[in-house]
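Chemist: based on what follows, work out the 3D shape:
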Amino acid sequence: MEREKKYHLFFSLTPILYLVISILFFRYIWTVPYPHPLALCLAGSLSYLQRFHHKFVFLHSAFRKNLHSVFPAMEILFLVGLLIASWAYSGVLLTMMQIGTILIEPKLFLPSVAIVSAIASMVSGSSWTTAGTLGVALMGVSKIWGFSDVMSAGAIVSGCYFGDKLSPLSDTTNLASSLTHVPIWTHIRHMLKTTCMSFLLAVLCFYLLNLFVWDPSRDTVFPSEIGLSQLLQNRIVYWKLIPVLLVFGSSLFHLPVRVSFLLGIGSAFLFPIIESGVSFEMFRSLVLGYKSQTGNLTWDQFLSGGGIVSILPTEILILSAVWFGAVVEGYGYLNEILMQIKRWVKNQYDILLSTMGVSFLLNLMTADQYLSLVIPARAFRTLAVEKQIPEKDISRALEDSGTITSPLIPWNSCGAFMASSLGVSVLSYLPFVFFNLIHVFLSVSILMYKKIKLKSS
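Modeler: Residues are numbered from 1 along each chain as shown. The predicted model follows:
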């Protein structure tokens, strides 16, 4: 196999340049789904590489590795489509929305959503589980109270990733601690100061935003939708919460997420089977999504969703991003970028900032948050030892960027999942993901301050 060639940094950054130009073009000039700019960027990168006689084997190897990494995420996304359809069909989502309208005060809706999502994510250890179940119901409640979808989605994502970051059951938290050989509880305690401060600031922002958008003089439910009000005031069937308890409860026993979702799907379908037996509509909803046909447009909007078909565009988006990541990694772009960054590193704060920067870059290029943790941990391990940086600082830097920025990128598996589950595009909810944005800004600011202080001393 031929040895990888070395190129100038600008050449290595050309795929990212293609990507940014393509996204801006398709976002603001010609509005189309995200696979199109990724495909155009991929074509541009490949055509540019023909002059350099790269072998296809490098691309193939990188694609297989990246696909193997994101395949579990694609599998879970597939199950989420089935879960939402089954819960909509069996009335589980309606029951959750009924309870939500009783427990959550509209004057504190946005901060409450962030806190509830954080607790659920911390208990389950999975931001995906929370967003795909509780998050879907909370989006329905937000529509009932008349709150903006993008604001509600921002609050849900903020809560999900705060809880995920501090949960001992979280896969990313365990991965970051294991990569740096830091005990899990040491890793979590070290993250508490900046993470809790960021979340408190985010909750304050949601409270102020809630005061700005909520009008206490208006009716609690859409005044023109009297039927909707009656529907929500119907007797709550509490035993329909069994699938919810199974999904979140199984995580306490460290069962895989896919097992939790399968339990949620299977238990949800027990209700309609007991009531009316097996029907064709049940299987149709799993494939095409559940379509509520009450005759009321608002009801149907709240109570429909899910299905395999609704997930397919997201799966295609992730596959497109995997190909893009394969070009960047397989043809040596990524390696050259890492080498240039290593030459720039001079002190311990440069290493921590580089770790965060590379984690974000990998989230941008590979569509997978696990790679955004694994590659920087390996790339900067030797330098961290040389500069005598505490391992817990590296593990925190990985999470401060790799975990936190993953839902902020539309084609990343996490961003695609959140957008698909909550029904809001990433760029739409991005300005309102206060926790993630504040936390990245706070973490970088602290490191920059310490770096400047070190230079001046």
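
Chemist: any idea how far the lengthiest helix in the chain is from the middle of the chain?
Modeler: Using DSSP state H, we find that the single longest helix of the chain is helix 56-90. Centre-to-centre, helix 56-90 and its host chain are 14 Å apart (CA atoms, centre = their mean, to the nearest Å).

Chemist: and the next element down the chain from it?
Modeler: Sequence order places helix 92-103 as the next helix or strand after helix 56-90, per DSSP states H and E.

Chemist: let me know how buried residue 148 is, in neighbour terms.
Modeler: Neighbour count for residue 148, taken as other CB atoms under 10 Å: 17. Quick note: C-beta positions are derived from backbone N, CA and C, even for glycine.

Chemist: circling back to that earlier point, what pLDDT, on average, does the longest helix of the chain get?
Modeler: Averaged across helix 56-90, pLDDT comes to 75.

Chemist: tilt between it and helix 92-103?
Modeler: 70 degrees (axes from the mean of the first three to the mean of the last three CA atoms, to 10 degrees).

Chemist: name the helices or strands packed onto helix 56-90?
Modeler: helix 92-103, helix 242-252, helix 257-276, helix 280-288, helix 308-330, helix 413-422 (3 or more CB pairs under 8 Å, 6 or more residues apart in numbering; DSSP states H and E).

Chemist: only the C-alpha atoms, please, for the first one, written as PDB.
Modeler: Written as PDB, here are the backbone C-alpha positions of helix 92-103 (Å, rounded to 0.1, in the frame of the first residue of the first chain):
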ATOM      1  CA  VAL A  92     -49.100   6.500  25.000                       C
ATOM      2  CA  LEU A  93     -48.100   9.900  23.500                       C
ATOM      3  CA  LEU A  94     -51.600  11.300  24.300                       C
ATOM      4  CA  THR A  95     -51.400  10.200  27.900                       C
ATOM      5  CA  MET A  96     -47.900  11.800  28.300                       C
ATOM      6  CA  MET A  97     -49.200  15.000  26.800                       C
ATOM      7  CA  GLN A  98     -52.200  15.000  29.100                       C
ATOM      8  CA  ILE A  99     -49.900  14.600  32.100                       C
ATOM      9  CA  GLY A 100     -47.500  17.300  30.800                       C
ATOM     10  CA  THR A 101     -50.300  19.900  30.500                       C
ATOM     11  CA  ILE A 102     -51.200  19.200  34.200                       C
ATOM     12  CA  LEU A 103     -47.700  19.200  35.700                       C
END
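
Chemist: got the buried residues for that helix?
Modeler: Using 16 or more other CB atoms under 10 Å as the test for burial, helix 92-103 gives 92-101.

Chemist: need the next SSE after it, C-terminal direction.
Modeler: Assigned by DSSP H and E, the successor of helix 92-103 is helix 109-124.

Chemist: ok, and for that following helix, which residues are buried?
Modeler: Quick answer for helix 109-124 (16+ other CB under 10 Å): 109-118, 120-124.

Chemist: and that helix, what does it pack against?
Modeler: If you count contacts as 3+ CB pairs under 8 Å, 6+ apart, helix 109-124 packs onto helix 127-130, helix 136-145, helix 149-166, helix 184-213, helix 242-252.

Chemist: to residue 87, which of these lies closest?
Modeler: Across those, the minimum distance to residue 87, taken as CB to CB, is reached by helix 242-252, at 6.6 Å.

Chemist: may I see the buried residues of that closest one?
Modeler: 242-244, 246-248, 250-251.

Chemist: next: stretch 247-267.
Modeler: 247-248, 250-251, 257, 260-265, 267.

Chemist: hmm, who's touching it?
Modeler: The contact list for stretch 247-267 (CB atoms under 8 Å, 6 or more residues apart in numbering) reads 75-76, 79-80, 82-83, 86-87, 120, 123-126, 128-129, 132-133, 169, 242-244, 246.

Chemist: how about stretch 189-196?
Modeler: 162, 165-166, 182, 392-393, 395-396, 399-400, 439, 442-443, 446.

Chemist: can you rerun that using 10 Å?
Modeler: 161-162, 165-166, 173, 176-177, 182-183, 188, 390-393, 395-396, 399-400, 403-404, 435, 438-439, 442-443, 446 (CB atoms under 10 Å, 6 or more residues apart in numbering).

Chemist: same question, stretch 205-217
Modeler: Against stretch 205-217 from outside (CB under 10 Å, 6+ apart): 105-115, 145-148, 151-152, 154-155, 158-159, 432, 434-435, 437-438.

Chemist: switch to 7 Å and redo it
Modeler: 106-111, 114, 147-148, 151, 155, 434 (CB atoms under 7 Å, 6 or more residues apart in numbering).

Chemist: for stretch 420-434, same thing?
Modeler: Residues beyond stretch 420-434 that count as contacts (CB under 7 Å, 6+ apart) turn out to be 77, 80, 131-132, 135-136, 139, 149-151, 153-154, 156-158, 202, 205-206, 311, 314, 408-410, 415, 418-419.

Chemist: buried ones in it?
Modeler: Those buried within stretch 420-434 under the rule 16+ other CB under 10 Å are 420-422, 424-427, 429-430, 432-434.

Chemist: need those in TSV with secondary structure and distance to residue 192, can you?
Modeler: As requested, the buried residues of stretch 420-434 are exported to TSV (DSSP: H, G, I helix; E, B strand; the rest coil; distance: CB to CB, whole Å):
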residue	secondary structure	distance to residue 192
420	helix	31
421	helix	28
422	helix	27
424	coil	30
425	coil	32
426	helix	28
427	helix	31
429	helix	26
430	helix	26
432	helix	24
433	coil	20
434	helix	19
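
Chemist: name the nearest of the buried residues of stretch 247-267 relative to residue 322.
Modeler: Nearest member of the buried residues of stretch 247-267 to residue 322, counting by CB to CB, is residue 257, at 20.3 Å.

Chemist: how near is that closest one to residue 313?
Modeler: 22 Å (CB to CB, to the nearest Å).

Chemist: and what of residue 162?
Modeler: Residue 162 is 28 Å from residue 313, by CB to CB.
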